[in-house]
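*Asks:* Following is a predicted model, sequence given first.
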Amino acid sequence: MIGFFIALISGALMSIQGVYNTQVTKASSIWAASSFVQLTALIVCVGAWACADRSNLLNVLRVQPKYMLLGGAIGAFITYTVIKSMDMLGPAKAVMLIVVAQLAVAYIIELFGWFGVEKQPWEWRKAIGMAVAVAGIIIFKWK
């Protein structure tokens, strides 16, 4: 049950962060804002590590396959695309499309067992759920 609440908090924080980052971009540039976002994230993570964890930071280099270390680089492009989509579409439309894209890609990853995720069987109910989410976007955008 706690995972459910953590996921809700994550979604809320992503939306708030996207709005904040979009506003910061208006005062600077998208890459300056993205750099600041990543820098402040680094500072918070190092502070949390120092207070709570203190495991060897170099242990991350043991991960296999090595391409898994690209999460931070992907994060830079996530920041960029969230800022651009929120600026162009507004927060509600952007987040709805982002969430549906996340859901679709996550399900595809599970179906094919990519990136070390346990392969899951095709389920019609999940496909129907995806269709309902897409229908929700269409209804939301309908004028």
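*Replies:* Alright, I've got the coordinates.
*Asks:* list the helices and strands the biggest helix by length in the chain packs on?
*Replies:* Criterion DSSP state H: the longest helix present in the chain is helix 2-27. Packed against helix 2-27 by the contact rule (3 or more CB pairs under 8 Å, 6 or more residues apart in numbering; DSSP states H and E) you find helix 30-48, helix 71-89, helix 91-112. (Glycine included, C-beta is placed from N, CA and C.)
*Asks:* which residues touch the residue nearest in space to the middle of the chain?
*Replies:* When CA atoms, centre = their mean is applied to the chain, the residue found nearest the centroid is Ile78 (6.7 Å). Going by CB atoms under 8 Å, 6 or more residues apart in numbering, Ile78 touches no other residue.
*Asks:* Next one: it, what pLDDT does it get?
*Replies:* On pLDDT, Ile78 comes in at 93.
*Asks:* For Ala41, see how far away it is.
*Replies:* The gap separating Ile78 from Ala41 is 11 Å, by CB to CB, to the nearest Å.
*Asks:* same question, Trp142
*Replies:* To Ala41, Trp142 is 37 Å away according to CB to CB.
*Asks:* for Phe115, same thing?
*Replies:* According to CB to CB, Phe115 stands 22 Å off from Ala41.
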